[in-house]
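Asker: Sequence plus the predicted model coming up.
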Amino acid sequence: MKRRVEQSVLGLLASRRSIRRFRKSAMSEEVLGMIVESGQSAPSYFQAYSIIWLRSDQLVEAVYDVCGSEAIKQASAVLLICLDFNKLTVFAETVSPEHFLKLDTYPAETLLSVLELGLVVENMVIASEALGYGSLLLDCGIYECERLSALLKLPTGVVPVILLLIGEKDETPPPRPRWPLQNILHIDGYKPVTGEEARKYIENADQILSSENYLKKYANFSGTYFEYLAEQLRANKEIKQSYSALSAFLRKQGVKV
């Protein structure tokens, strides 16, 4: 029995895919509550996170206008996962008037809180899979955090990080490319990846993605994966301005690394 459970859990993890096409259906509070409680079961630090369920059609449409993904309109649940130093401040003030959130920076706590949030999200993703749902993570949560904060009138200290979509799967994507285990798992030290290894990974990924026309289907991009990455990684003037504004907003909201 134990062996079957182990295999089913590992199989669930291995079969997880990002779903970009959902069949529109409702999700009950009971089901979503189970998913969120599964998230709370993740290893915790200060539990400096909050989850906002966007149920209003008007708000979902507004978030779609900000983020632009059609999957937002199709998903059964649209969840904005936020760092919550507002709640943490109230918690800390209750315990002691002299706490680390009054310091100029608190890098360890910030990074650990981001890690904690990620663990919560992953637990929610896997819980969704176990219940038969698919999910998608959208990084517009952080890239558009200022606009989303204004839209939802979030207080100082509450910072959108990721948008989690959950819903009934309307596609069955194949496995996506991943780095070879030898470039991920290091024994008794660290072995830097070589340029040749990076190039081989990109070439292999390009073959896998081009076989299903992935870039055209999901990113409306007609070039190779190498060209797509070059476009995504380019540090142009627009990106620099965007990052500068994002850094300023994060500092204002209390994210002090």
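Answerer: The structure has been received and is ready for your questions.
Asker: Model confidence at residue 45, what's the number?
Answerer: Per-residue pLDDT puts residue 45 at 90.
Asker: right, I mislabeled it, should have said residue 9
Answerer: On pLDDT, residue 9 comes in at 88.
Asker: Helix, strand or coil: sort out residue 52 for me.
Answerer: Under DSSP: H, G, I helix; E, B strand; the rest coil, residue 52 falls in the strand class.
Asker: Report how many residues lie close to residue 149.
Answerer: Using other Cβ atoms under 10 Å, residue 149 is surrounded by 19 other residues. Where C-beta positions appear, they are placed from N, C-alpha and C, glycine not excepted.
Asker: Verify the contact between it and residue 160 for me.
Answerer: Yes - at 6.3 Å, residue 149 counts as touching residue 160 under the criterion of Cβ atoms under 8 Å.
Asker: Just the buried positions in the host helix or strand of residue 121, please.
Answerer: Residue 121 belongs to helix 107-130 when assigned by DSSP states H and E. Within helix 107-130, the residues scored as buried using 16 or more other Cβ atoms under 10 Å are 109-110, 113-114, 116-121, 123-129.
Asker: One more: stretch 46-61?
Answerer: 47-52, 54, 59.
Asker: and what of stretch 63-78?
Answerer: Burial within stretch 63-78, assessed by neighbour count using 16+ other Cβ under 10 Å, is assigned to 63, 66-67, 69, 71-72, 74-78.
Asker: Just the ones of these in strands?
Answerer: Of the buried residues of stretch 63-78, the ones assigned to strands by DSSP state E are 77-78.
Asker: Spatially, which two of the buried residues of stretch 63-78 are the most separated?
Answerer: Using Cβ to Cβ, those span at most 19.8 Å, a distance reached by 66 and 76.
Asker: ranges for the helices of the stretch 51-200 of the chain?
Answerer: Per DSSP state H, counting those that start in this stretch, the stretch 51-200 of the chain carries helices over the ranges 57-67, 71-74, 85-95, 107-130, 140-143, 145-152, 195-210.
Asker: Any idea which of those gets closest to residue 172?
Answerer: Closest approach to residue 172 among the helices of the stretch 51-200 of the chain (Cβ to Cβ): helix 107-130, 12.9 Å.
Asker: elements contacting that closest one?
Answerer: If you count contacts as 3 or more Cβ pairs under 8 Å, 6 or more residues apart in numbering; DSSP states H and E, helix 107-130 packs onto helix 2-15, helix 29-40, strand 49-53, strand 77-84, strand 134-138, strand 158-169.
Asker: Including distance to residue 226, could these go into CSV?
Answerer: Listed next are the helices and strands packed on helix 107-130 as CSV, based on distance: least, Cβ to Cβ, whole Å:
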stretch, distance to residue 226
helix 2-15, 27
helix 29-40, 36
strand 49-53, 36
strand 77-84, 32
strand 134-138, 24
strand 158-169, 27
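Asker: Quick one, which of these gets closest to residue 208.
Answerer: Nearest of the helices and strands packed on helix 107-130 to residue 208, taken as Cβ to Cβ: helix 2-15 at 16.0 Å.
Asker: now for the next helix or strand after the closest one, which elements pack on it?
Answerer: Using DSSP H and E, the helix or strand that follows helix 2-15 towards the C-terminus is strand 22-23. Judged by 3+ Cβ pairs under 8 Å, 6+ apart, strand 22-23 is in contact with helix 71-74, strand 158-169.
Asker: Thanks a lot, catch you later.
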